[in-house]
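# Make a model of this:
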Amino acid sequence: MLKKEDVIKVAQLAKLKLKEEEIELFSKQLPQIVNFVEKLNELDTENVKPFYELIDKTTPMREDIPENGLSQEEALSNAPEAEDGFFVVPRVVEKD
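From the prediction side, this is the model:
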């Protein structure tokens, strides 16, 4: 069982807000998860190819030909909200 402080620290690193009962539950579950991951290290993966290498094809290439893009007005024409020539979007980063 992990100490309560350790669970709180991991939750803070993951930007999670836990309730007291969740902290208690995770203090029991996290060591089990770590033990499972450590058990995976015992497997012999010497001759196992990484998944991304299973398909033996190269990416088709094309000539890089510059083209004209959208004008600012065209780009903003379907925007739900625009201001001073920019897209207006909701804030996604919270201030601490």
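# So which bits of stretch 27-45 are buried?
Burial within stretch 27-45, assessed by neighbour count using 16 or more other C-beta atoms under 10 Å, is assigned to Ser27. Every C-beta, even on glycine, is put in place using the N, C-alpha and C of the backbone.
# what pLDDT, on average, does the longest helix seen in the chain get?
In the chain, with assignment by DSSP state H, the single longest helix is helix 20-40. In this model, helix 20-40 has a mean pLDDT of 92.
# can you check stretch 65-82 too?
For stretch 65-82, the mean pLDDT works out to 94.
# Show me what it is in contact with.
Counting by C-beta atoms under 8 Å, 6 or more residues apart in numbering, stretch 65-82 makes contact with Gly85, Phe87, Val88, all of which sit outside it.
# how near is the residue lying closest to Phe26 once chain neighbours are set aside to Glu20?
With sequence-adjacent residues excluded and distances taken as C-beta to C-beta, 6 or more residues apart in numbering, Phe26 is closest to Val7, at 5.0 Å. With the distance defined as C-beta to C-beta, to the nearest Å, Val7 ends up 11 Å from Glu20.
# who has more neighbours, these two?
A count of neighbours by other C-beta atoms under 10 Å puts Val7 above the other of Val7 and Glu20, at 22 against 8.
# Now do the contacts for the more buried one.
Applying C-beta under 8 Å, 6+ apart to Val7 gives the contacts Leu18, Ile23, Phe26, Ser27, Leu30.
# one step back: pull the distance from the helix or strand just after the longest helix of the chain to the chain's centre.
Reading on from helix 20-40 to the C-terminus, the next helix or strand found by DSSP states H and E is helix 72-76. Here helix 72-76 is found 30 Å from its chain centre; the criterion is C-alpha atoms, centre = their mean, to the nearest Å.
# Then stretch 7-14?
Taking C-alpha atoms, centre = their mean, one finds stretch 7-14 lying 16 Å from the centre of the chain it belongs to.
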